[in-house]
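Asker: Quick one, structure for this:
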Amino acid sequence: MLIDTHTHLGQLRHNDPGLTVEQLVQRMDAHGIDRAVVLAVENPEELDYYVPSWQVLEWCARRPDRLIPFCACDPRHRYPGQFDPYPVLRRYVEAGARGFGENLCGLPIDDPLQRRVYDACAILGLPVLLHIDHHINRDGPGLPGLERLLHDYPGISFIGHAQYFWREISANPEPGVSYPKGPVQPGGRVEELLSRYPNLMADLSAGSAHNALSRDPEHALGFLERQHGKILFATDVLAMSQELPIVPLFRDLPLSPEARAAIAWGNATRLLRL
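Answerer: Modelled structure (predicted):
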């Protein structure tokens, strides 16, 4: 069993048509992936087009045996502070959404407007998938904003993802470097936060997670064994031609059966109540 907790459907970039439902399932089959989370994109940052929650729900309903919908909303709707995300997200949950994401908002990670969304997610019991980089869900060195969220919202499972999350797998990452190279220094904040807060998880998607593991394979094996209850297999696939190096990396790592099963499907099954 293999569950991918980070995929996309539809056109997101002007020069690529993206994936149809049928194409995503084909890619899943080619890599031995049984089920996949499909994320909504409702923020203008990073990508060219939106893929709204209602569309994700409609597409996933075509293959409910394979696809699991998430929903999203931008906290900057309406005049500042006047948007209430709760009734919007509640409607998506009633239609089948299992989580919130992908959060691609170009605000600080714990901005008051963002917290209105987290407040709604806490009531609705939605895990929140956070893309963290230099502009999206901005945070300081050592991820202090993320730690504030973990402390203030113990009932939300936050899922860390992207460059400025995964570079913190190493102590003292070089400022401004999205894909650090070389051996991982002990004492990275990612492992510290994963160990300290039961409500933090991390997904293995995209070049950021692959870089964090492949830059130091010996550290990667120990890290995944120690944190196997907090890690989610994921790819961030969004195109037919996209390479997915995390698949062979995860397949070839000599993990214990317990760690492999937890990362491949067990943690996702528990988190999403599958």
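Asker: Quick check: buried residues in stretch 265-273?
Answerer: 265-268, 271-272 (16 or more other Cβ atoms under 10 Å). The C-beta positions use only the backbone N, C-alpha and C, and glycine is treated the same way.
Asker: repeat for stretch 140-153
Answerer: So, applying 16+ other Cβ under 10 Å, buried residues of stretch 140-153: 142-143, 145-147, 149-150, 153.
Asker: thinking again about what came up before, got the buried residues of stretch 265-273 as TSV, with pLDDT and distance to residue 252 columns?
Answerer: As requested, the buried residues of stretch 265-273 are exported to TSV (pLDDT from 0 to 100; distance: Cβ to Cβ, whole Å):
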residue	pLDDT	distance to residue 252
265	98	18
266	98	20
267	98	20
268	98	21
271	98	25
272	98	26
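Asker: what's the closest of the residues you listed to residue 93?
Answerer: Nearest to residue 93 among the buried residues of stretch 265-273, counting by Cβ to Cβ, is residue 272 at 12.5 Å.
Asker: so that closest one touches residue 101, yeah?
Answerer: No. Residue 272 is beyond contact range of residue 101, at 11.6 Å (criterion: Cβ atoms under 8 Å).
Asker: Mutual contacts of these two, please.
Answerer: Common neighbours of residue 272 and residue 101, using Cβ atoms under 8 Å, 6 or more residues apart in numbering, are residue 127.
Asker: coming back round to it: filter the buried residues of stretch 265-273 down to the ones in helices?
Answerer: Within those, residues falling in helices by DSSP state H are 267-268, 271-272.
Asker: mind checking the backbone torsions on the residue of the chain most remote from its centre?
Answerer: Each residue of the chain has a distance to the centre, and by Cα atoms, centre = their mean the biggest one is for residue 79: 28.3 Å. Main-chain torsions, residue 79, degrees, to the nearest 10: phi -70, psi 150.
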